[in-house]
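Peer 1: sequence-free structure coming up:
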């Protein structure tokens, strides 16, 4: 089965899109271009997509921007008649045993540690060279969804 995992991003960054075939990472894309994302889904014949649902941001503008971007992706999938699920960050992170916030660390150090944990875990599970935490999230989201597709 061909599954995609998506970590949506605001316009300041690209969406990270991982394509898995039989739960193995085939390729990771980064794009914010809707026609290009549509072509990615068509090219790979994606059968199911898992999209990270929005977390509750302190910044309402960020929350609205992420919801807008997620809606555009969902629109593509509706047109392609490709099933998708929204996945809460807590769900996929708990599944992969990603540690919760360590209150003993400063916000900066926690963010760096969290990014490092995500990249390490995604690389370990996928045997794929993960370049950043966005790619790591998309891989881990797809692997989380893959457990339901066996």
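Peer 2: Cool, got the structure. All figures in this text were calculated on a predicted structure; none of them were measured in a lab.

Peer 1: how much space is there between residue 84 and residue 133?
Peer 2: Going from residue 84 to residue 133 by C-beta to C-beta, to the nearest Å gives 22 Å. Every residue, glycine included, has its C-beta placed from N, CA and C.

Peer 1: Next secondary structure element downstream of the helix or strand hosting residue 73?
Peer 2: Residue 73 is part of helix 60-80, with elements assigned from DSSP states H and E. Proceeding N to C from helix 60-80, the next assigned helix or strand is strand 84-87, under DSSP H and E.

Peer 1: Past that next one, which element shows up next along the chain?
Peer 2: Under the assignment DSSP H and E, the closest C-terminal helix or strand after strand 84-87 is helix 89-95.

Peer 1: so after that next one, what's the next helix or strand?
Peer 2: Assignment by DSSP H and E places the next element after helix 89-95 at helix 107-126.

Peer 1: contacts for that next one?
Peer 2: 24-25, 96-99, 101-102, 105, 128-130, 132-133, 135-137, 139-140, 143 (C-beta atoms under 8 Å, 6 or more residues apart in numbering).

Peer 1: Buried residues of it, list them for me.
Peer 2: 114, 117, 118, 119, 121, 122, 123, 125, 126 (16 or more other C-beta atoms under 10 Å).

Peer 1: got CSV for the residues you listed, with pLDDT and distance to residue 92 too?
Peer 2: Formatted as CSV, these follow (pLDDT from 0 to 100; distance: C-beta to C-beta, whole Å):
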residue, pLDDT, distance to residue 92
114, 89, 14
117, 92, 13
118, 93, 11
119, 94, 15
121, 93, 11
122, 94, 11
123, 94, 16
125, 91, 12
126, 90, 14
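
Peer 1: That's all I had, so thanks and see you.
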